[in-house]
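A.B. asks: Fold the following for me, if possible:
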Amino acid sequence: MKRYPGLDLLRAIAILWVLLFHGMTEGIGNPFPEVGKLGWMGVDLFFVLSGYLIGSQLLKEYAAGQTPAIGTFYLRRAFRILPTYWLVLAFYVFVPTFREAQGLQPAWQFFTFSENFLIDYQHNRAFSHAWSLCVEEHFYLFFPLLVWVLMKRPSWKITATVCAVIFAGGMLLRGYVWLHYVGVPGHSPFAYVEWIYYPTIMRLDGLLAGVVLASIRWFKPSVWQKAMNNPYALLGVGLASTAAAIWVAKGRVDFGASVFGFPLLSVSLALIVAACISKRCLLGRIRIPGAEAIATVTFSLYLSHKMTWHTIRTCWPELVNGSGAQSFCIYAGSAFLVGSLLYFAIERPFLLLRQSAWLASLVSSSHPAQESGEKACLKG
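C.D. replies: Take a look at the predicted model:
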């Protein structure tokens, strides 16, 4: 798959931002506290990137007059996600000493990707960061079906209406839940995480913003080209509106941040993503040293970093005495090392396997009528 230097840079920024944030929430500190406290926004950047990349993977086929094989898409996602995820989950379930917290949700919730709807955050925080993977998996499951339905009778008006309903619906849902469950006197201090921050239906803004970008690219090429010709305008507006989103979300768990912060941030980040795709933008054509390496192992790193940190803190406390820059660098370096080992030992072999002739023959023999479409999808 073609790599975009700008998107590699954004993915690297997103994971480092998340690490800074988790450094604070896990009590190990970080050298940039003002930046770190906003690190939860790194997950929203991941969502926008996923929405764009996965959206493009499917929509470019429809734009070319082909119908993607949904079964092939699911199979490719399974090869991409499940092996590494299951291995990390096995450590959490069967080796409790690796857990960064004592409590863990039942294993079946992680296997069914329902943990983000059912979590008892007060008592079961181990591997709680799998919530974002649950959101992604729900997106992988339902998005191809939604696109398939919409493409039966393609209409920009209908598509725009569906997007508006999802966008506005998320705002209304978060507003209602905040007013009745989160913002009421005597509410649980964990209600925000359990009812607003984690559930998939509350967190579709970023994925939707990315999908809209992909839709414009593949179905409105003239509009896309104009955008690509003016990347610095996109970048300037994106950065300015991101600053506005940071101001709106400064309370993080208050009503304004819950209702308006997520959509404003998602649209802002989508503009930045679009700017970084353009070859006319310096960020879109210059490879920043280290960015691609970090971006490549991001998934494995994200899954394993808390477990790694807990192991370092438990087994070699003298290495991370205190919470300054040196300690954080040791934590971050260890997380990158373990993430890289996971990538090369598990993730990369399965990525290569899904591109193999064996998988192509398996798909073709199972669905001979869709062979040509599936071959095109396998190249994505």
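
A.B. asks: Now for L271, how many residues are close by?
C.D. replies: For L271, the neighbour count with other CB atoms under 10 Å is 24. In short, each C-beta sits where N, CA and C put it, glycine included.

A.B. asks: hang on, V43 packs against S132?
C.D. replies: Yes: at 5.2 Å, V43 counts as touching S132 under the criterion of CB atoms under 8 Å.

A.B. asks: which residues make contact with the longest helix seen in the chain from outside it?
C.D. replies: Counting by DSSP state H, the longest helix found in the chain is helix 70-94. Helix 70-94 is contacted from outside by 57-58, 98-99, 104, 107, 110-111, 126-127, 130, 133, 136-137, 140-141, 144-145, 148, 299-300, 303-304, 307, 342-343, 346-347, 350-351, 353-354, 359, 363, 366-367, 370, 374, 377-378, using CB atoms under 8 Å, 6 or more residues apart in numbering.

A.B. asks: pLDDT of the helix or strand following it, averaged?
C.D. replies: Once helix 70-94 ends, the next helix or strand along the chain (criterion: DSSP states H and E) is helix 107-111. When pLDDT is averaged along helix 107-111, the result is 98.

A.B. asks: on that earlier part again, out of the contacts of helix 70-94, which are buried?
C.D. replies: With burial judged by 16 or more other CB atoms under 10 Å, the buried subset of the contacts of helix 70-94 is 57-58, 98-99, 104, 110, 126-127, 130, 133, 136-137, 140, 144, 299-300, 303-304, 307, 342-343, 346-347, 354, 359, 363, 370, 374, 377-378.

A.B. asks: what's the weakest-modelled helix or strand in this protein?
C.D. replies: helix 371-378 (a mean of 34; mean pLDDT, DSSP states H and E).

A.B. asks: In this structure S50 contacts V211, no?
C.D. replies: No: taking CB under 8 Å as the definition, S50 is not a contact partner of V211, at 9.3 Å.

A.B. asks: which one of the two has more residues nearby?
C.D. replies: V211 (28 against 20).

A.B. asks: residues in contact with the more buried one?
C.D. replies: So V211 contacts G51, Y52, I54, G55, F143, C163 (CB under 8 Å, 6+ apart).

A.B. asks: Would you check that the last one makes contact with G210?
C.D. replies: Same thing as C163. No: if you go by CB under 8 Å, C163 and G210 don't touch, sitting 11.7 Å apart.
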